[in-house]
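Peer 1: No sequence on hand, only this structure:
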């Protein structure tokens, strides 16, 4: 009997240790994953930004059609969450901010430049995650309007727990529903050359 209780106690201890390891890995991840799942609603086709068409000519491999073995958002594991944080942090630090004073005429999207604006940050983060094996269908460029009525480009990462935004304006990775922007349009998961208008929130 004592031996059986000892085996049971060891099993419980091992289980608790495993839970602690999982909780440590989840530290800093978005709360409520799987509870209130919110994704951007694609509300009809939209013309892509002109600069994106030029970007696809310059970086054809970034825009090439990719086979979709499995559709939909991906699971956000602790390892993937750490990758998102690492890429968001490293790209934000590596590019020196430089404002585009020429408007649409001077808008170019460049991967990993020394200096650049929001567009360069967004495409660089997408590129880095693609290089790490992330599927293109979950890495979507999104156009928003800021509180000062400026158009701004961010990277949206689609996970089963919701859509999250990587933004050069902040080190935090936040839900798309919690950023202080008005959403305009976003890439389609099925084809990165196609864009859609952004509708309301969907659960």
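Peer 2: Cool, the structure landed. Predicted, not measured: the structure shown is a model, and the values here were computed from it. Numbers count the residues shown, from 1 in each chain.

Peer 1: What residues sit buried inside the top strand by length along the chain?
Peer 2: Selection of the longest strand in the chain by residue count, based on DSSP state E, yields strand 191-202. Counting neighbours by 16 or more other C-beta atoms under 10 Å, one finds that the buried residues in strand 191-202 are 192, 195, 196, 198. No exception for glycine: its C-beta is placed from N, CA and C like everyone else's.

Peer 1: Repeat that for stretch 128-144.
Peer 2: In terms of neighbour count (16+ other C-beta under 10 Å), stretch 128-144 has its buried residues at 128-129, 134-144.

Peer 1: Restricted to strands, list the residues you listed.
Peer 2: Judged by DSSP E, strands contain the following of the buried residues of stretch 128-144: 139, 140, 141, 142, 143, 144.

Peer 1: Residue 181: which of those is nearest?
Peer 2: Of all those, the one with the least separation from residue 181 (C-beta to C-beta) is residue 144, at 3.6 Å.

Peer 1: ok, the closest one touching residue 181?
Peer 2: Yes: applying C-beta atoms under 8 Å as the test, residue 144 and residue 181 come out as touching, 3.6 Å apart.

Peer 1: residues in contact with the longest strand of the chain?
Peer 2: Taking contacts as C-beta atoms under 8 Å, 6 or more residues apart in numbering, the residues outside strand 191-202 that touch it are 38-49, 52, 56, 62-63, 65-66, 136, 140, 142, 177, 183-188.

Peer 1: strand partners of that strand, parallel vs antiparallel please.
Peer 2: Sheet pairing here is set by DSSP bridges, and for strand 191-202 it gives strand 39-46 (antiparallel), strand 182-188 (antiparallel).

Peer 1: what about that strand, distance to the chain center?
Peer 2: Strand 191-202 sits 14 Å away from the centroid of its parent chain (C-alpha atoms, centre = their mean, to the nearest Å).

Peer 1: the inter-axis angle of it versus strand 139-145?
Peer 2: Relative orientation of strand 191-202 with respect to strand 139-145: 60 degrees, computed using axes from the mean of the first three to the mean of the last three C-alpha atoms, to 10 degrees.
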